[in-house]
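> got a sequence here, can you model it:
(one chain, ligands or ions: 1)
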Amino acid sequence: MFRAVYKLKQEAGVESFMNYVTFNEQSMVFTLRTEHTMYQMQVRQFGILCHLYYGPFLGEDELDYRIIELDRGFSPNPYEADRDRTISLDILPQEYSGYGNGDYRVCAAEVDFQDGSAALDLRYQGYEVLKGKYKLPGMPAMFGDDTQAETLEIRLADEYSGANAVLMFGIFPKLDLITRAVRFENLGDRSYRLRKVMSAQLDFLDGPFELIHFHGRHTMERMPERLPLMHGMARFGSRRGTSSHQHNPFAILCRPDTTEERGLCYGLSLVYSGNFLFEAEVDQMNQVRVMMGIHPAHFWQEVQCGDVFYTPEIIMGCSEDGLTGLSHLFHDGMRQNLMRGKYVFSPRPVLINNWEATYFTFDEEKIFSIAEKALDLGVDLFVLDDGWFGKRDSDFSGLGDWTVNEEKIRGGLKNLSERIRSLGLKLGLWIEPEMVSEDSNLYREHPDWCLRVPGRLPVRGRYQLNLDITRQEVRDHVMEQIISLIEECHISYIKWDMNRSLGNVYSSVLIPQKQGEVFHRYVLALYEMQESLITRFPDLLFENCSGGGGRFDAGMLYYSPQIWCSDNTDAVDRLRIQYGTSFGYPITSMGAHVSAVPNHQTGRSVSIRTRSVVASCGTYGFELDPEKMTKEEMQEARKGLEEYKATENLRLCGDFYRLSNPFMNQDFCLWQFVSKEKKETLVEGVILRHQANSPVFYVYLRGLKADARYQRTDTGRVYSGAALMKAGLPLPLELGEYQPVRMIFREIP
Ligand code: GLA
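Coordinates of the predicted model:
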C-alpha cells in the first residue's frame, strides 16, 4: 500500500449521469470512454499513476497486463520498493511525470523549492468526477454542459512539499475528444517556483510513431512536415510570445502506415496563444513520451502557500480513420464546443479590405470610392485597414493613438462610417492594440508603458514596441479608445492585429521574482481584453491576425471565429498554406481573400476565377482595388462570390476532405466538402500545371454514400457514390496553368 491518504470524493450518483468515466476500486483502473475511443490509467503500487492506453474503443478490457515490470539496469527504484528492483519511474508509463524521482526522461513538471532542491515526486491522492466540462479561469478552453461533457479530476501530490497537481480531464463522448489541463496547488507551508509545467503528457508503451508538425515563416505558415520519431528528442515550439508563424501548437502522431484515409493517429492541440513547447522522446525501451505546454524558456511561476496555477488546455483526439478522420474530430470539436458567437455556423459577411489596395496612402474619398465600387462585387462589409489613426502615414509611427487621422479621413471616422453605411455596407476596422510606436502621443506620454529591459536599448520589430498589457492601466487605456470608436462609428467588424514578436520582455511594475511570469501574464491580459470586447459587442464579427497567421491557434479561436490565415494572398501559395492549416483547424476559421495580380507577395498572375476558388476554401473576402479591375474581372469576381455563397452552408457545417497533397502532387490540388447527411458535395481546387498532350488526371471523391446516386449540377450527369469514390472522375483538360476546378453533386432519389 502507498503512504498517501487515499480518499474517494466521487459525487453521489455519478454512475447514473453519463458514465463515461469509470473507476474500478479493486484494480484501481480509471477508464474514460468516448464513442470511438478509450483512455485508461491505473493507480499502481506506491500511488504511481500510470498510463495504460489511449486509442480506439476496446470494450470492457482493462489493459494493465500491458505493463511488464522488469529490473532494468540504471533505472532506479522508489525507496518504498525496498528490494524490488522491477519498479522504476524511469520505465513506467505515467500520466504526469515529475523530476528528480528516478525518471530520467523528459518530464512534465519541474519545481524549485526555497531550500534549493528541485525534486518533485507526484503520487495519487484521490479523484472526483464532475458533471459538465471544467473551466480554466481567464483562459480559453472547450466548453460543455452536463449533456455534452464530463470532468475527471485526479489529484497527485508531492508529499514532501505540499505541491499538488490536479490532472483535469474533459471528456466529450460525442465529439470523440478528451481535453486535459493541470491545476497546481500549493497546500504546503512554503512557496515554490514552477519552472516547467506542461499541460498534458502522453506515454505510449510502444512505437513506432511519426510526427507531423506544422512549421513555417511569415507569409508561408503551417507547412506540414512528417518525420519518424527516433531515439532521443524531437522538440519544437515558440519563444516569441505568440504561438508564431514558425511553429504551430498543433501536432499529429501517427503510425508509419497512416494515410489520409486510414490508420491510427492522434492529434494534440494546445489552446494557448503564447510561448509553447512540444516534446517527444523515444526512450531506451522504445516507449514514446509526448507532451506540450507553456515553453519553459524565460518562464517561472511563483506559487505561494494557498495559491493555484492553471496550465492552458490541450485538446486530444484519436482516430483510426487516418488524417482525415482526425481533422474531422478537430473541425467538429472546435466549431461546436470551442468557437463562440453567432457567426460560427452562420454566413459571415463578405468583406473587402483596403490594405493591398492602398497600403498607407489613402484619404476618405479613396476609401469611399473603393467601398462604392465594391458594391458591384456583392460584398457586405468594408474593412478599413492600417493607417486610419494617429500619425500613421507609414509603419514608423502612430501605433497607440487610436483616434482618427483627420488629415487622411477628413470629416472624421464617424462621418465616413455614415457614408459607407448609407451604401448598405457594414464598416470594419483594423487595430493593433498591443503595440506602440515610439513616434506616438502614447509613447511620449507614457514611455514606461512598453515592455523594456532596464538599462538596455530595446529591440525593435517593424519599428514598434510591445505595450506592457500586463498592466491594468495600459489595457484600460487602449480598450477605452477602441470601445468608444466601435460605439460611435457603428463598427461591425474588428481585425485585431499583432505585428511583431514579443521582445524586451520585462515589466517595470513587477518585482524581480515575478519577471518570469511576464510572457504568460501577457497572454492572460490579451485574453482578458478580447473577452471584454466580445462580451460587450456580441454581434461584432471578430478576426484575429498576427502578420497573417502568426497567432493561428485554438486559443484565439475561442475569441474570434476567423483568423487572417496569411499575409500571402497568392492563390498558388495559399493552396499549400490552407492545406496545412486544414489539418488542425476548421476551414471557415481561415480568412482568405481574392487579391490583385500580379500578386504582391510573389508577382504571380492567375485568373480571377482561380483566385476566387482558392479564397472559397476559407472565409471569403476581397483585398484589392475594384477601381482597377476590368469589367470582365468584376463580373467574374461577382460570379465567384455568388458561387461561394450558394455553397456556404456546406462549407460552414460540412465535412472537409483533402483530396490531394500539394506538396507531393505536382499536377493538382483538390479538396472536397460533404454535407453531414452526405446529400451534397462540392469538389474544388486548382490544376497546378498543364502539359502539352496532357495525360488525363482522375480525382477520387470521398465521404459519399456508395449506393446513392449523385447528379452533377452543371452537366446533369448522374453517378453512383461508388463510382465517384472508386472509379474516379476525369479532371477537365483546359489549356493554361492554374485552371480552377469546381463541381457540385447532389443526391437524387
Ligand atoms: C499585418 C496584417 C495585414 C495588414 C498589415 C497592416 O501584416 O496581416 O493584413 O493588416 O498588418 O499593417
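> what's the helix or strand for Ile534?
Using DSSP states H and E, Ile534 maps to helix 518-536.
> quick one: contacts of the helix or strand following that helix?
Using DSSP H and E, the helix or strand that follows helix 518-536 in sequence is strand 541-544. Strand 541-544 has contacts (Cβ atoms under 8 Å, 6 or more residues apart in numbering) with 341, 343, 348-349, 381, 428, 492-496, 530, 533-534, 551-552, 556, 559-564, 591, 619. C-beta coordinates here come from the backbone N, C-alpha and C atoms, glycine included.
> what's the answer for stretch 736-747, then?
For stretch 736-747, contacts defined as Cβ under 8 Å, 6+ apart pick out 571-572, 606-607, 609-610, 612-613, 643, 647, 668, 670, 678-690, 701, 705, 708-714, 719, 724, 729, 731-732.
> what is the end-to-end distance of stretch 424-435?
33 Å (Cα to Cα, to the nearest Å).
> just stretch 272-291 next, same as before
End-to-end distance for stretch 272-291: 14 Å, by Cα to Cα.
> distance between that stretch and the chain's centre?
Once both centres are worked out by Cα atoms, centre = their mean, to the nearest Å, stretch 272-291 turns out to sit 18 Å from its chain's centre.
> need the helix or strand of this structure with the lowest average pLDDT.
Every helix and strand of the chain was ranked by mean pLDDT, DSSP states H and E. The lowest is strand 7-8, at a mean of 34.
> in the helix holding Ile534, what's buried?
By 16 or more other Cβ atoms under 10 Å, the buried positions in helix 518-536 come out as 518-527, 529-530, 533-534.
> swap in stretch 141-154?
Across stretch 141-154, burial judged by 16+ other Cβ under 10 Å covers Ala141, Met142, Phe143, Gly144, Gln148, Ala149, Glu150, Thr151, Leu152, Glu153, Ile154.
> cool, stretch 173-193 as well?
Those would be 173, 175-186, 188, 192-193, for stretch 173-193 by 16+ other Cβ under 10 Å.
> care to break this structure down by domain?
21-337, 351-433+473-498+540-653, 658-748 (automatic domain parsing).
> dump the ones you listed to TSV, plus mean pLDDT.
Formatted as TSV, these follow (pLDDT from 0 to 100):
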stretch	mean pLDDT
domain 21-337	97
domain 351-433+473-498+540-653	98
domain 658-748	96
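> now these as a markdown table including distance to Glu445?
Putting the domains of the chain into a markdown table (distance: least, Cβ to Cβ, whole Å) gives the following:
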| stretch | distance to Glu445 |
| --- | --- |
| domain 21-337 | 24 |
| domain 351-433+473-498+540-653 | 9 |
| domain 658-748 | 50 |
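> compare the ones you listed and give me the one nearest the ligand.
Evaluated with Cβ to the nearest ligand atom, the domains of the chain place domain 351-433+473-498+540-653 nearest to the ligand, the distance being 3.4 Å.
> beta partners of Leu467?
Bridge pairing for Leu467 (DSSP bridges) gives the partners Cys450.
> per-residue pLDDT, it?
Residue-level confidence at Leu467 comes out at 98, pLDDT.
> residues contacting it?
Applying Cβ under 8 Å, 6+ apart, we find Leu467 in contact with Gly400, Pro433, Glu434, Met435, Val436, Trp449, Cys450, Leu451, Val474, Val478.
> out of those residues, which are inside helices?
Val474, Val478 (DSSP state H).
> top of the contacts of Leu467 by neighbour count?
Top of the contacts of Leu467 by neighbour number is Gly400, holding 31 neighbours under the definition other Cβ atoms under 10 Å.
> quick check: residues of the stretch 301-450 of the chain near the ligand?
The stretch 301-450 of the chain comes close to the ligand at residues Trp355, Asp385, Asp386, Trp430, as judged by Cβ under 6 Å from any ligand atom.
> can you give me the neighbour number for the last one?
The local packing count at Trp430 equals 21, with neighbours defined by other Cβ under 10 Å.
> paired strands for the helix or strand where it lies, with orientation please.
Using DSSP H and E, Trp430 sits in strand 426-431. Applying DSSP bridges, strand 426-431 is found paired with strand 381-384 (parallel), strand 491-496 (parallel).
> mean neighbour count, those: which tops it?
Of the strands paired with strand 426-431, the one with the most neighbours on average (mean count of other Cβ atoms under 10 Å) is strand 381-384, at a mean of 27.
> buried stuff in the helix or strand following that strand?
As assigned by DSSP H and E, the chain's next helix or strand after strand 381-384 is helix 412-422. Using 16+ other Cβ under 10 Å as the test for burial, helix 412-422 gives Leu413, Leu416, Ser417, Arg419, Ile420, Arg421.
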